Each structure stands twice: as C-alpha cells, then as structure tokens.
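> structure here, sequence nowhere to be found:
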Ligand code: FAD
C-alpha cells in the first residue's frame, strides 16, 4: 500500500450537486458551513461541479463563496451515474489533494460519498448535523446522531486524507449570495470513457407523488399517529394551505401508509428549520425532534398534557386536534 503524505492535502471542497442544471439547495448550506471551517483553518473553500452544459453554474457557486470551481463539463456526465461521477472525483482528489470533502446527504451524495471514500481508502462520516475544526490538530470533528438518535457521536477521521462527510440537508445555515465575488474556474483533467460506465440512464420519471419541499418551507403543519387515519391529513392540508405552508408528518404516519415518505420530518426523514412548525397529534419522540426542534416557533396540539412535544413547543394546545384545528381555521377565516 502506498504511504500517504497527509501534509500535501489542503483546502476544503464542496461537491456541487446539480440536477437538470439547478444547484441542489444543500450545496448552498455546505458552502456556508465550509466557509466557516475554511476561515478557521486559513485555507480556501472550493467547489467541484460535474455535469453537461453546467459552466454557467460556476458563477453562482462563486457568488455563494467558492474561491475556485473545479469543473468537468462532459456529455458522459449529463445524468448522474455512480461510475462516472466517482471516477472523475477520485481522479481529481488524487491529483489536487483537498484535505476535507463535503457532500450533501441527498440520494446522490449518499450513493457517491461511500464509493469515493472506499476507492481512496479514507474515512467517511455520513449524515452529519454539525462540523467543527479542532483548534489543536486542525482535524474536522463531525457530529451525527447515533444509536437511534439517543446520543450524538463526534467522529474524527484517522490519519488519512481527505476527511469526508455527508451533511444532512436543512441543518446548516445557507451561505449569503454576493454577486460581486470573484473566483477562478478550473477545467479538470480526467480520463473518462463510455466503457467506464456500467449503467445507462434511459429515462427519468418523476415520482407519482408530488414532492414537497419541506427544507425550503417557512411554515410546516405536520400530522402524526394521533390523526387516527389517512383521512385526517385533509384537516392538516386545510390548515397548511390557510397558513401558506406545506404538510409534514411523523414517521408513524408514514409507516401507517397515510402519507408519502417525502413528507417525513425527523432523523430518518427531512431536517427542517421553518419560521413556524405546527405539530398535530405528534408525541415528540427524540427521532422526530431531531428533525424539527430548531424551528423558530413550534406550536403543538396534543390531547396528552404530558406529551414530550410540549417540552420543545413555544405554544402548546392540550386538546383533540379534530376540535382545535377547525377552530383555528375558523379564526383565520374571520381575520
Ligand atoms: P405516537 O408516538 O403514537 O404519538 C401520537 C400522539 O398523538 C400521542 O402523543 C397522542 O397523545 C396524540 N393524539 C392521539 N389522538 C389525538 C387527538 N385526537 N388529538 C390530539 N392528539 C392526539 N419518527 C419520526 O417522526 N421521524 C423520523 O425521522 C424517525 N426516525 C426514526 C429512526 C429510528 C432509528 C427509530 C428507531 C425511530 C424513528 N422514528 C422517527 C419513530 C419515532 O421513534 C416515533 O415512533 C414516531 O415519531 C412517533 O410518531 P407519532 O408522534 O406520530 O406517534
């Protein structure tokens, strides 16, 4: 095995995931967090962007704080495939040697990051909710929920590079956009052939369920097992639409088959930070709280006064949601 000189590794990279020519929102969060880490370490924050006809996205990444954008613009990278993306990124990491590589814990990031880490024989901490630089040794401290969310584990990478993390969408603050920022766009050198790619994307079909953008929503009204049945989501939808928000749910409601998984908030769902989160018939299990407790204002409606959700709620209403919600809707109608 080749001995690695870890001192050659420098700078922080963010994988600039894009879909159909649009930067995925978590990338903006990674750039925000990456900037803080880069400032502590005194290194530069760069992005790596892959795709076809994506050069126009480089200026957006620079506006959000990337100092250099490494780019591979190639017809073979038009659609995400693990083989092609992993090959280009692994070759580029071996050549340019970033010290820290951050990816979003999206479907693509969760597929790509372990492949890259295993090819590079390095460590990966998946699904991080907090990143810090250790002031003593400059290593990145990566925190993530463990043991079903009952503890938070802080993990460091042994003496191999790069140190890699995937980060949950919706947890970190977004970078501020500043279009006056200037940066460098660098074309990557790589050797990618059609024969390197063992899968072929024939068609992209959108999910039959309309995907909700919980991470971008300012107002979320969530329903849980306390709804009693799938029909109960009608009253949740009505309140959400009156407030101009979107519908979320607990995992128990998803597991019961009452609502699509894309609505699930929590440790194994989406992490959200809206201005207003209304939890209806949700007990407040630790795994649910992990995904919503950072919301600005939490309102809980639950018939059990001892439900743990009230411990994190700013406003609590003890009562039957089927009585309380129609009253709220009526009050909103009369405004
Ligand atoms: P329950 O705990 O059954 O609570 C229902 C609540 O409704 C009760 O508090 C009850 O008092 C109230 N209620 C009943 N009827 C009414 C009524 N008419 N009016 C008002 N209130 C009423 N859960 C998540 O949500 N998200 C996750 O991402 C997630 N990930 C998990 C990961 C792991 C590894 C594990 C082990 C679990 C995970 N869970 C997750 C599940 C979690 O532990 C809980 O089981 C789940 O959150 C409970 O959902 P709930 O609050 O809707 O249901």
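Sure, I can see it. What you are looking at is a predicted structure, and each value in this text was computed from that prediction instead of being measured.

> up against the ligand, what does the stretch 201-335 of the chain have?
Contact residues, the stretch 201-335 of the chain versus the ligand (Cβ under 6 Å from any ligand atom): 224-226, 250-253, 264, 266-269, 281-283, 285, 287-288, 291, 301-304, 307, 320-322. In short, each C-beta sits where N, CA and C put it, glycine included.

> ok and the residue in the stretch 1-150 of the chain nearest the ligand?
residue 148 (4.1 Å; Cβ to the nearest ligand atom).

> the stretch 1-150 of the chain: strands as residue ranges?
Secondary structure of the stretch 1-150 of the chain (DSSP state E, counting those that start in this stretch): strands located at 12-15, 18-19, 22-23, 45-51, 68-73, 100-104, 124-128, 130-133, 140-146.

> residues making contact with the second one?
So that's strand 18-19. 24, 27, 49, 51, 54, 57, 80 (Cβ atoms under 8 Å, 6 or more residues apart in numbering).

> what does the last one give?
Here strand 140-146 makes contact (Cβ under 8 Å, 6+ apart) with 37, 100, 125-134, 151-157, 163, 165, 267, 290.

> contacts for stretch 69-82?
13, 16, 19, 46-55, 58, 61-62, 84-85, 88, 92, 96, 108, 111-112, 115, 183-188, 190, 192-194, 197, 199-201, 204.

> let me fix that, I meant to ask about stretch 147-158.
Against stretch 147-158 from outside (Cβ under 8 Å, 6+ apart): 122-123, 125, 129-130, 134, 139-146, 163-164, 267, 286-287, 290.

> again, only this time at 6 Å
123, 125, 139, 141-143, 145-146, 163, 267, 286-287, 290 (Cβ atoms under 6 Å, 6 or more residues apart in numbering).

> tabulate the contacts of strand 18-19 (CSV), appending pLDDT and distance to the ligand.
Below are these laid out as CSV (pLDDT from 0 to 100; distance: Cβ to the nearest ligand atom, whole Å):
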residue, pLDDT, distance to the ligand
24, 94, 20
27, 98, 23
49, 98, 31
51, 98, 31
54, 97, 32
57, 98, 31
80, 96, 25
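
> closest to residue 214 among those residues?
residue 24 (14.3 Å; Cβ to Cβ).

> got the contact list for that closest one?
Residue 24 neighbours (Cβ under 6 Å, 6+ apart): residue 17.

> what's the burial count for residue 34?
28 (other Cβ atoms under 10 Å).

> narrow the residues of the stretch 201-335 of the chain next to the ligand to those in helices?
251-253, 287-288, 291, 321-322 (DSSP state H).

> how about residue 164, phi and psi?
As for residue 164, its main-chain torsions (degrees, to the nearest 10) stand at phi -120, psi 140.

> so how far is residue 172 from it?
Note on residue 164: its distance to residue 172, by Cβ to Cβ, to the nearest Å, is 16 Å.
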